[in-house]
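K.L.:
3D model of this:
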Amino acid sequence: MRKLYLFFFALLMLISFMGFEAQAATLQDARWVTRNDAPIPYVRMVMDLSAPVKASASISEDGKTTTVTLKNTKIGKVKSSMTMDSSIASSAKLTQVGKNVNVTIKTPKALDTDGIKVFSLKKDTVNNKPYRIVMDVQKQGVAPKSNYYGSKKTTAKSSSSSTKKTSSTSTGAATTISSNGNYKTSGGLAGKVITLDPGHGGSDPGAIGPNGLQEKQVTLPIAKYLKADLEARGAKVYMTRTTDVDVYAPNASGVDELQARVNVANKYNSDAFVSIHINAFTNPSVGGIATYYYSKTGYDAKLAQRVQDQIMNEPKFNGDRGIQEGNLYVLRHSDMPAILVELGFISNPTEEAALNTTKTQQSFAAEIAAGLASYFGG
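P.N.:
Numbers count the residues shown, from 1 in each chain. Modelled structure (predicted):
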């Protein structure tokens, strides 16, 4: 068995919340979810713990068995096994081995160090969340979807004068909310309703940079600065989240979480929807800024271009990646013109460093506000 400790792909795969082990932790809950809203789909497993722990990981010679060891931990009242996604990670078994707990993960295809990530989340007293160890297992044998998105699908055209009844229908888990369809596209920013969506949050950190910066730690402050800028111009602004929380529920399915974000925009009959994200790629030299849209109205591409024109030359970022049509859930299901901005690559060390500064976050916010003002004509 070849040892792959967390610090081996980040200096011996060893995690510590506080730096020192205290009393034995209890494994209080174990759960999983498949996330398809990423360049490569992955299974996320979350282990709730009563105290901070250290963890190590190893992968078998054939690559199909990964063992994550939670040090100085005892199993509480949790199921000893989980049947998961047969195409990514088929099962996980929890075993008490002396003072430690082993989490044995079976995968249909061989994993290497790039195929699994293990990281810790501290106790969150504000949102009543315990200490956690998170394990992400990527699907093997598939190429990354370009910039998170699939191919263009058939679209339905609509206009700002179209009208549809407000409705709420059940999809089995998340509720789908529709707007009245009467969005405005001109006349200046004053009085316009804008919904901002800071990507990820809560149990989902989003992409993580080489120096540990999490996507959710960047998208939220940018959205808050942008909200202030837009309100100063007279717009009415709503946010899908204002703190580090999941919008639907912790560890929800991708569809439920994304629909919950769309519901905020539709509920308030927004004139525009802006989702804020940071890109990532396996090659750390890749960088740049892009804006995505989905042609469901006659205005999505125009909104994307006006915003991209403002953000594309941000200093310390690797250029203009342009506007691109993307088959992204939040763009397809929002009832008004909508865009998703990818403000650089957190996987690029230079861009990660810039994104971690207040100056860059405020600059992106001001630029997006200027782009929205240009789109609405004032």
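K.L.:
pull the number of nearby residues for Pro284.
P.N.:
16 (other C-beta atoms under 10 Å). In short, each C-beta sits where N, CA and C put it, glycine included.
K.L.:
quick one: Lys302 is in a helix?
P.N.:
Yes: counting by DSSP: H, G, I helix; E, B strand; the rest coil, Lys302 is found in a helix.
K.L.:
count of residues packed around the nearest residue to it once chain neighbours are set aside?
P.N.:
With C-beta to C-beta, 6 or more residues apart in numbering as the criterion, Lys302 has its nearest non-adjacent residue at 6.5 Å, and that residue is Tyr375. Using other C-beta under 10 Å, Tyr375 has 24 neighbouring residues.
K.L.:
pLDDT score for the residue of the chain positioned farthest from its centre?
P.N.:
Residue farthest from the centre of the chain, counting by C-alpha atoms, centre = their mean, is Gly98 at 36.5 Å. We have a pLDDT of 95 for Gly98.
K.L.:
for Asn72, see how far away it is.
P.N.:
Per C-beta to C-beta, to the nearest Å, Gly98 is found 10 Å from Asn72.
K.L.:
any idea how far Ser179 is from Thr195?
P.N.:
For Thr195, the distance to Ser179 - C-beta to C-beta - is 10 Å.
K.L.:
identify the contacts common to the two.
P.N.:
Both Thr195 and Ser179 are contacted by Ala265, Tyr268, Ser270, under the criterion C-beta atoms under 8 Å, 6 or more residues apart in numbering.
K.L.:
how about the last one, secondary structure?
P.N.:
Recorded secondary structure, Ser270: coil (three-state DSSP).
K.L.:
ok, it touching Ser179?
P.N.:
Yes: using C-beta atoms under 8 Å, Ser270 is in contact with Ser179, at 7.1 Å.
K.L.:
these two: which is more packed in?
P.N.:
Higher neighbour count among Ser270 and Ser179: Ser270, with 26 against 22, using other C-beta under 10 Å.
K.L.:
excluding residues flanking it in the chain, which one is nearest Val286?
P.N.:
Per C-beta to C-beta, 6+ apart, closest to Val286 is Phe345, 5.7 Å.
K.L.:
list the residues that contact that neighbour.
P.N.:
Applying C-beta under 8 Å, 6+ apart to Phe345 gives the contacts Ile278, Asn279, Ala280, Phe281, Val286, Gly287, Gly288, Asn318, Glu351, Glu352.
K.L.:
kind regards, and thank you for your time.
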